[in-house]
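Engineer: sequence and predicted model, in that order:
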Amino acid sequence: MEKSELEKLVSDIACKGRKASLVLQNHSSQSVDAALLKMAEYLESNKPALQEENKKDLEAGKKKGLSPAMLDRLTLSDKTLGSMIQGLKEVAALKSPVGTFYEERVRPNGLNISKMRVPIGVIGIIYESRPNVTVDAAAICLKSRNAVILRGGSEAFYSNSALCALFSKCLEEAGLPADALQFIPTTDRAAVEILLTKNEQIDLIIPRGGESLIRMVAEKSLIPVIKHYNGICHVYVSANADMKKAVDVAINAKVQRPGVCNAMETLILDIGLDLQKRKSIVDALIDKGVTLYGDNEGCKLSDKIIAADDKAWGEEYLDLRLNVKTVNGVDEAIAHINTYGSRHTDSIISESKSEQEKFMTEVDAASVMINASTRFADGGEYGMGCEIGVSTDKLHSRGPMGIDDLTTYKWVVRGDGQVRE
């Protein structure tokens, strides 16, 4: 596609999105809920057709040499589709914050002043490899009455195209503007750069994918960006840990689904733990097929542990690979996390209330877990239905982002003819 044609394509999509966002605010939340529930039905009834399109992406991905973890993210399995269906139903059941008033106050002159929750407007989502993001992102944007422009990765082009076409049909059947959800129908990377210049039509960009994608978006965007660079998550096993909890959490945090951002990348073991207890954790991980990289103390726990270099502590493996770091006490654990972590999710396994408090207070992360797996850092697990992403920023949102995070507010001032002296 010629650059001028690409510019026109993206500009038209952005302008349609702006118009649709204004129309969408005049529709009831019941209409949005009807569209979400209809999409849940269509995902079930169109499962074979969707999986056939998904096969095209998987076959292309295998030829490109995508890793097993990336192919797992790309697959529209029955389980993935079931999760998407459940997410749509849960989002539809949530109470929309749009139009609610809060922080109401009455001034001495009689003015009634309050804040009203309103949609952000038009949200652009740029994402890689995971077609479930298409449905999750669209659902949350629409529930919060935002228009959404989706630009998925080339590796999921057929899957995303089919899902967006289905969702647009649901919007029309519910009487909503079809342009409230649009998909950029090209794999040309230049489309992303053009999209990032449309700051007069688009209000927010949310990139989801690898660190290189997110840094590119943050550097080139004229539109505000909510970022999530990577998920370097830690589990610290204190000398005061319950070892059954420690082993179960460590295995779950690394093994259950290693290719996602809330999987553990570094296991931190306290030197105060008995040697056999430390061995029991690493042996359990090795038995699950995890390749371990350790510091000097960590390497003593098994001859299968590879010596880690200085770069290892900042690695996001997204695979069955894991660092093992040894520390002397909770202060050293916190210092390591705050030095090498990505402010995503970190967990402490300890029966000590004082250690739990200290860890909770001092670790700089969007989510802090106490005696629980990092894998729970997820919108669905937090009761949001599904999420649009996990923000490691501190403004405007932090952690798993649901419908509340896709709203802003306007001041509403009610008077009775007051004028300022």
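Structural biologist: Here it is on my side, so go on.
Engineer: of all the residues in the helix or strand bottoming out on mean pLDDT in the chain, which ones are buried?
Structural biologist: None of the helices or strands of the chain scores lower by mean pLDDT, DSSP states H and E than helix 68-74, at a mean of 86. By neighbour count on 16 or more other CB atoms under 10 Å, the buried set for helix 68-74 is 69-74. For glycine as for every other residue, the C-beta is placed from the backbone atoms N, C-alpha and C.
Engineer: nearest to Ile206, out of those: which one, please.
Structural biologist: Arg73 (17.3 Å; CB to CB).
Engineer: dump the residue contacts of the closest one.
Structural biologist: Neighbouring residues of Arg73 by CB atoms under 8 Å, 6 or more residues apart in numbering: 129-130, 259-260.
Engineer: cool, Val363 as well?
Structural biologist: With CB under 8 Å, 6+ apart, Val363 has these contacts: 334, 337-338, 341, 346.
Engineer: just the C-alphas of the least confident helix or strand of the chain, formatted as PDB.
Structural biologist: Extracted in PDB, the C-alpha atoms of helix 68-74 (Å, rounded to 0.1, in the frame of the first residue of the first chain):
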ATOM      1  CA  PRO A  68       6.300 -22.500  22.000                       C
ATOM      2  CA  ALA A  69       5.400 -19.800  24.500                       C
ATOM      3  CA  MET A  70       4.500 -17.300  21.700                       C
ATOM      4  CA  LEU A  71       2.500 -20.000  19.800                       C
ATOM      5  CA  ASP A  72       0.700 -20.600  23.100                       C
ATOM      6  CA  ARG A  73      -0.300 -17.000  23.300                       C
ATOM      7  CA  LEU A  74      -1.400 -17.100  19.700                       C
END
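Engineer: in a markdown table: the buried residues of helix 68-74, plus distance to Gly153.
Structural biologist: What follows is those, written out as a markdown table (distance: CB to CB, whole Å):
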| residue | distance to Gly153 |
| --- | --- |
| Ala69 | 15 |
| Met70 | 10 |
| Leu71 | 13 |
| Asp72 | 15 |
| Arg73 | 10 |
| Leu74 | 9 |
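Engineer: mind telling me the two of these farthest from one another?
Structural biologist: Most distant of these, by CB to CB, are Ala69 and Leu74, 9.9 Å apart.
Engineer: what about Ile125, distance to Ser67?
Structural biologist: From Ile125 across to Ser67, the span is 23 Å (CB to CB, to the nearest Å).
Engineer: A helix includes Ile123, no?
Structural biologist: No - Ile123: not assigned to a helix; according to DSSP: H, G, I helix; E, B strand; the rest coil it is strand.
Engineer: quick one: it and Ile149 touch, right?
Structural biologist: Yes - between Ile123 and Ile149 there is a contact at 7.3 Å, judged by CB atoms under 8 Å.
Engineer: so for the next helix or strand after the least confident helix or strand of the chain, what's the average pLDDT?
Structural biologist: Per DSSP states H and E, the first helix or strand lying C-terminal to helix 68-74 is helix 78-93. When pLDDT is averaged over helix 78-93, the result is 93.
Engineer: how about the CA coordinates for helix 78-93, as PDB?
Structural biologist: Presented in PDB, the C-alpha positions along helix 78-93 are these (Å, rounded to 0.1, in the frame of the first residue of the first chain):
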ATOM      1  CA  ASP A  78     -11.300 -24.100  23.500                       C
ATOM      2  CA  LYS A  79     -10.000 -23.000  26.900                       C
ATOM      3  CA  THR A  80      -9.000 -19.600  25.600                       C
ATOM      4  CA  LEU A  81     -12.300 -19.000  23.800                       C
ATOM      5  CA  GLY A  82     -14.100 -20.200  27.000                       C
ATOM      6  CA  SER A  83     -12.200 -17.700  29.000                       C
ATOM      7  CA  MET A  84     -13.000 -14.900  26.500                       C
ATOM      8  CA  ILE A  85     -16.700 -15.900  26.700                       C
ATOM      9  CA  GLN A  86     -16.700 -15.800  30.500                       C
ATOM     10  CA  GLY A  87     -14.800 -12.500  30.400                       C
ATOM     11  CA  LEU A  88     -17.500 -10.900  28.200                       C
ATOM     12  CA  LYS A  89     -20.300 -12.100  30.500                       C
ATOM     13  CA  GLU A  90     -18.400 -10.800  33.600                       C
ATOM     14  CA  VAL A  91     -17.800  -7.400  32.000                       C
ATOM     15  CA  ALA A  92     -21.400  -7.200  30.900                       C
ATOM     16  CA  ALA A  93     -22.500  -7.800  34.500                       C
END
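Engineer: thanks a lot, catch you later.
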